[in-house]
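> Give me coordinates for this.
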Amino acid sequence: MPETTSNARPTITQLILVPAIITLAISVLRLVGELQHWSPTFFSTSAGGGGAIVGISWLPFIFGPYFAIQLTKAGEGMASAGKTIGYAVLSFVMLVAGGVVANAPQIHFPGKMVVGILLMCAAILPQLTWPSMFKTLLAYGFAARIPVAILMYFAIQGSWGTHYDALPPNYPGPVDLWGKYAFIGLFPQLVIWPVFTVIIGSLSGGIAAAITRRGKPAVQTAS
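Numbers count the residues shown, from 1 in each chain. As a prediction, the model looks like this:
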C-alpha cells in the first residue's frame with residue numbers, strides 16, 4: 001500500500017523554488033569571486049571549475065535528500081530502496097562510461113563521440129522508476145543550469161577569464177562563437193549536467209529516504 005500522509009502533495013515548482021534560488025545565488029557569487037580573483041581554492045577559473053569549493057555541482061547531494069524526504073512525506077516515495085539506489089549506481093556507471101568513450105584519447109573508432117554522448121544521455125533512463133523524483137530533479141536541474149548556460153554565452157563572447165569561458169586542455173571543438181558556445185556551454189549545461197543532477201540526486205535521495213522513512217515502503221505509481 002502507498003504511504004499516505006495528511007500533507008498536501010507539493011507541486012514541482014513549490015519543491016524546487018527555494019533550491020533554485022539558492023543555486024542561482026551561488027552561481028552569482030562564484031562569478032563575482034572569479035571576476036574579482038578571489039582565492040582559487042574557492043573560485044577557480046580553470047576549465048571545468050578546477051574543483052573549486054564554491055559551485056553548484058555538489059548541490060544534488062543536498063537537494064536530492066531534501067526532495068526525496070518531501071516526496072515521501074507526501075506519499076510519493078520510492079517503491080524500493082534497493083532498486084532506487086541500484087539503478088542510480090547503474091546510471092552513474094553509464095554516465096562515466098559514456099564520458100570515457102567520448103573523450104578518452106586511447107579509444108579510437110568511428111563515431112565514438114556520438115556513441116559516448118548517447119550512452120551519457122541514456123544514463124538517465126533507469127531513473128524513470130521513481131517518476132515523481134525524476135520529474136522534480138530534472139526540473140531542478142534545468143532551473144539550476146539554464147542561468148549558467150545564459151551566463152556562459154556572455155562570458156565566452158566577452159572572454160571574461162572565468163571558468164565559464166575557459167577552454168579545456170587540447171580543446172578539439174569549433175572556435176567560432178556559436179560553435180564554441182554549443183560545445184562547452186549549451187550541450188554540457190542543458191544535457192550532461194541535468195542528467196548528472198538526476199542521477200546524483202536519486203542516489204543521495206534514495207539513501208536518505210531509506211534511512212529516514214518508517215513503516216511500510218511507499219509504492220510509487222507512474223503518472
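
> which residues sit in contact with residue 160?
Neighbour list for residue 160: 34, 35, 154 [criterion: Cβ atoms under 8 Å, 6 or more residues apart in numbering]. Heads up, the C-betas are built off the backbone N, CA and C, glycines and all.

> what's downstream of the lengthiest helix in the chain, the next helix or strand?
Counting residues, the longest helix in the chain under DSSP state H turns out to be helix 131-158. Downstream of helix 131-158, the next assigned helix or strand under DSSP states H and E is helix 177-181.

> What is that following helix packed up against?
helix 131-158 (3 or more Cβ pairs under 8 Å, 6 or more residues apart in numbering; DSSP states H and E).

> ok, residue 138 touching residue 196?
No. With contact defined as Cβ atoms under 8 Å, residue 138 does not count as touching residue 196 (11.4 Å).

> Quick check on the closest residue to residue 22 other than its chain neighbours: phi, psi?
Leaving aside its chain neighbours, residue 22 sits nearest to residue 59 (7.7 Å; criterion: Cβ to Cβ, 6 or more residues apart in numbering). Note on residue 59: its backbone torsions stand at phi -60, psi -30 [degrees, to the nearest 10].

> Check residue 104 too.
phi -70, psi 120.

> For it, grab the count of nearby residues.
11 (other Cβ atoms under 10 Å).

> Residue 108: how many residues sit nearby?
7.

> can you tell me how far it sits from residue 39?
For residue 108, the distance to residue 39 (Cβ to Cβ, to the nearest Å) stands at 40 Å.

> Could you do residue 130 as well?
Per Cβ to Cβ, residue 130 is found 39 Å from residue 39.

> tell me which element the residue most central in space within the chain falls in.
Nearest to the mean C-alpha position of the chain, by Cα atoms, centre = their mean, lies residue 197 at 2.2 Å. Taking DSSP H and E as the definition, residue 197 sits inside helix 193-212.

> Now that helix - C-alpha only, CSV.
Extracted in CSV, the C-alpha atoms of helix 193-212 (Å, rounded to 0.1, in the frame of the first residue of the first chain):
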residue,chain,number,x,y,z
TRP,A,193,24.6,18.4,-16.1
PRO,A,194,20.8,17.8,-15.8
VAL,A,195,21.5,14.1,-16.3
PHE,A,196,24.2,14.2,-13.6
THR,A,197,21.8,16.1,-11.3
VAL,A,198,19.0,13.5,-11.7
ILE,A,199,21.4,10.6,-11.1
ILE,A,200,23.3,12.0,-8.1
GLY,A,201,20.0,13.4,-6.6
SER,A,202,18.4,10.0,-7.0
LEU,A,203,21.3,8.2,-5.4
SER,A,204,21.7,10.5,-2.4
GLY,A,205,17.9,10.9,-2.1
GLY,A,206,17.4,7.2,-2.2
ILE,A,207,19.9,6.6,0.6
ALA,A,208,18.4,9.4,2.7
ALA,A,209,14.8,8.1,2.2
ALA,A,210,15.9,4.6,3.1
ILE,A,211,17.4,5.8,6.3
THR,A,212,14.6,8.2,7.4
